[in-house]
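# can you look at this prediction? I've put the sequence above it.
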Amino acid sequence: MTDCCLHLLCPLAVEERAIDLLLARGGAGVFTSAPTRAHGFAHGRLSAAEQVSGRSEASLIHLVLPQSEVDELIEELRRELRGSGVRHWVTAVLKHGELT
């Protein structure tokens, strides 16, 4: 089975909601979140300060899961977070595990 990494770029206003959805999912497993700066958004989504600096504060969430579950999770997130400005992309995971 092929694993993927789902990356979610979340505006700070919805970061907690996105994390709560993943935690409530049960089988989400271990995932990470980290503060980041996002670039390239339309000015309509940016505050005046963000427009001047050319970046917005955001959170980046990384979640490794089986490829067979990716579309279902994206659809669930879309239902719950529609219109929130969350962006996503998926990359292949060649290898992962815990160092024991």
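Great, that's in hand. All values derive from a computational prediction rather than experimental measurement.
# can you give me the neighbour number for the residue lying closest to Ala58 once chain neighbours are set aside?
Closest residue to Ala58 apart from its sequence neighbours, by Cβ to Cβ, 6 or more residues apart in numbering: Ala38 at 4.4 Å. The way it works is simple: take the backbone N, C-alpha and C, and place the C-beta from them, glycine included. Around Ala38 there are 19 other residues, counting by other Cβ atoms under 10 Å.
# phi, psi for Ala38 please.
phi -110, psi 140 (degrees, to the nearest 10).
# what about the longest strand in this structure?
Secondary structure assigned by DSSP state E gives strand 56-66 as the longest strand of the chain.
# off-centre distance for the next helix or strand after that one?
Following strand 56-66 in sequence order, the next helix or strand is helix 67-81 (DSSP states H and E). Between the centre of helix 67-81 and the centre of its chain there are 11 Å (Cα atoms, centre = their mean, to the nearest Å).
# what residues does helix 67-81 touch?
1-4, 6, 8, 14, 17-18, 21, 25, 27, 63, 65, 86, 88, 90 (Cβ atoms under 8 Å, 6 or more residues apart in numbering).
# alright, that wraps it up for me.
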